[in-house]
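Asker: What follows is a predicted structure for the sequence shown.
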Amino acid sequence: MDEGFAAGQAEWRARLGTLRQVVRQEVVARQLADQLPDLPPRRVLDVGCGQGTQALQLARRGHAVTGLDASAQLLDDFRAALAKEPVEVRDRVRLIRGDAERLVEAFGPASHDVVLCQGVLMYFPDPGPLLDAVGQVLAPGGFASLLVRNGDALAMRPGLLADWDAVEGAFEGRAYRNRIGVDARADRLADLTAALARRGMAVRQWYGVRVFTDHAASDAPPPDAETLDAILRHEDRAGRTDPYRRVAALLHLIAERPQEQSPHPAAEGADVQGSAGVRRTTRETKPNAPR
């Protein structure tokens, strides 16, 4: 990931098992399951894969996954988790240390059916070059999964925490200090949808992530299994339902490249606002064991 994230990496690793992180990872996994069936197997690139939570879930489901990250420590964490998996899962995963901005150079155009870029864009002051690269490595008929900080509801977290100085700035801006102590950037849904469209990717669905639990303490552990099941069930439903998903801490966009298109060249011009395309889904699943 970007150097900005590196400053908070130790804090990130320390909080992976907390309630907020369990909710994030499990809800995103359910949303991905709606969009990506187990068959046929797909070529998946996880940009900024970190410790590999989502990549491992997809490998277990039969997909061939390449994880890319700039952090040697997080890739070591991924390898440690991968070592505990059956050999058939291990054989589906390839890990590479490298920079997100050099995707095309590393993998070539139209090389992957699915590209995950989750929790990465917020660490890039200018997301344009990374969006260009994601669009170029995405094959026609494939889709990108982008998880970003919700700029349309940036004031919600500080407001619920009674941090009124931060609320005032959040109403107008996109910059914020996140829970791991790193300065980051939020995206507005309309702006990101328009930026993707200029790169030949159409948002076919979007979700909210962490509607009810974002204000929980950073070190709050998961509750008992029955309560956690209820939390995940309600977070999953809220993330698919208006108006709740619009005030979620995170937005999860699914943007597809039409079959007839070839990889899109780098987009030009400043980002402008657009409207998101939506395909509503209602599927609910029972929670998997959170990782």
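Answerer: Thanks, I have the structure now. Numbering: from 1, shown residues only.

Asker: what's the helix or strand for residue 23?
Answerer: helix 19-35 (DSSP states H and E).

Asker: Could I get the pLDDT score of residue 266?
Answerer: We have a pLDDT of 55 for residue 266.

Asker: Just confirm residue 10 is within a strand.
Answerer: No: under DSSP: H, G, I helix; E, B strand; the rest coil, residue 10 sits outside any strand and is assigned helix.

Asker: Describe which strands the single longest strand found in the chain pairs with in its sheet and in which direction.
Answerer: What stands out as the longest strand in the chain, according to DSSP state E, is strand 138-149. Sheet pairing of strand 138-149 (DSSP bridges) gives strand 112-118 (parallel), strand 250-256 (antiparallel).

Asker: Taking helix 19-35 as reference, get the angle to it.
Answerer: 150 degrees (axes from the mean of the first three to the mean of the last three Cα atoms, to 10 degrees).

Asker: Any buried residues in strand 138-149, and which?
Answerer: 138, 139, 142, 143, 144, 145, 146, 147, 148, 149 (16 or more other Cβ atoms under 10 Å). (Each C-beta comes from the backbone N, C-alpha and C, glycine too.)

Asker: Does residue 25 touch residue 53 like I think?
Answerer: Yes: Residue 25 is within contact range of residue 53, at 4.8 Å (criterion: Cβ atoms under 8 Å).

Asker: about what we covered before: need the contact partners of the helix holding residue 23.
Answerer: Outside helix 19-35, the residues that touch it by Cβ atoms under 8 Å, 6 or more residues apart in numbering are 15, 53-54, 57-58, 118, 143, 145, 147, 179, 205, 207, 209-210, 213-214, 216, 218, 220-223, 228, 231-232, 235-236, 239-240, 250, 252, 254, 281, 283, 285, 287-288, 290-291.

Asker: Out of those residues, which end up buried?
Answerer: 15, 53-54, 57-58, 118, 143, 145, 147, 179, 205, 207, 209-210, 213-214, 216, 222, 228, 231-232, 235-236, 239-240, 250, 252, 254, 287, 290-291.
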